[in-house]
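K.L.:
Sequence plus the predicted model coming up.
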Amino acid sequence: MRKLFVLLLCLSFVGCATIDSIRAMNRERLMKLSIGMSKQEVLNVMGTQTMQAEGWTVNNPYRSEIMTGKDKTFEVLYYYTDVKQGDNAITDDELAPLVFDDGKLIGWGWSFLKDNAQKYEIRMR
């Protein structure tokens, strides 16, 4: 019975989500991450659901990419965490990059990604 209640509570939260609550939830979940976590552990924490809010569709992760440079390949997952302009568009600067090397989380955030892109001569778009 308790599991059913928790499930219904979760479903009602997602069903009533606002775009602000999605960003807040993703920021809160970022604080639960640790360096060295596997990609699957990170996905378990951050979530993989698609959410609808206020006419928006937000995928978790919002997008992903493989970045290859000098002797290094990273996988980067991007989660929607911020709003920079109220322009009804989700732009790169409103996403938080999570960086993986060989399936392990090695860091997150734009500074971390840019430092490693420079270090390994990875061209960013």
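P.N.:
All right, it came through fine. Numbering: from 1, shown residues only.

K.L.:
Please count neighbours and contacts with C-alpha atoms only from this point.
P.N.:
OK.

K.L.:
Next one: the residue most central in space within the chain relative to D71, how far apart?
P.N.:
Most central in the chain under Cα atoms, centre = their mean is Y79, positioned 2.3 Å from the mean C-alpha point. Between Y79 and D71 the distance is 26 Å, computed by Cα to Cα, to the nearest Å.

K.L.:
next one: T50
P.N.:
To D71, T50 is 34 Å away according to Cα to Cα.

K.L.:
out of those two, which sits in the busier spot?
P.N.:
Set side by side, T50 and D71 give different neighbour counts by other Cα atoms under 10 Å, the larger being at T50 (12 against 8).

K.L.:
so the more buried one sits right up against N60, yeah?
P.N.:
Yes - here T50 reaches N60: they are 6.0 Å apart, a contact under Cα atoms under 8 Å.

K.L.:
For K39, which non-adjacent residue is closest in space?
P.N.:
If the residues on either side of it in the chain are set aside, K39 comes closest to G103, at 5.4 Å by Cα to Cα, 6 or more residues apart in numbering.

K.L.:
Now do the strands in this structure.
P.N.:
Counting by DSSP state E, the chain has strands at residues 50-53, 56-59, 63-69, 72-80, 95-101, 104-108.

K.L.:
Turn those into TSV, columns for distance to M25 and mean pLDDT.
P.N.:
As requested, those are exported to TSV (distance: least, Cα to Cα, whole Å; pLDDT from 0 to 100):
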stretch	distance to M25	mean pLDDT
strand 50-53	12	92
strand 56-59	12	91
strand 63-69	17	96
strand 72-80	10	97
strand 95-101	13	98
strand 104-108	16	98
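
K.L.:
Contacts only, for the residue nearest to the centre of the chain.
P.N.:
When the contact criterion is Cα atoms under 8 Å, 6 or more residues apart in numbering, the partners of Y79 are N26, N60, P61, Y62, R63, L95, A96, P97, L98.
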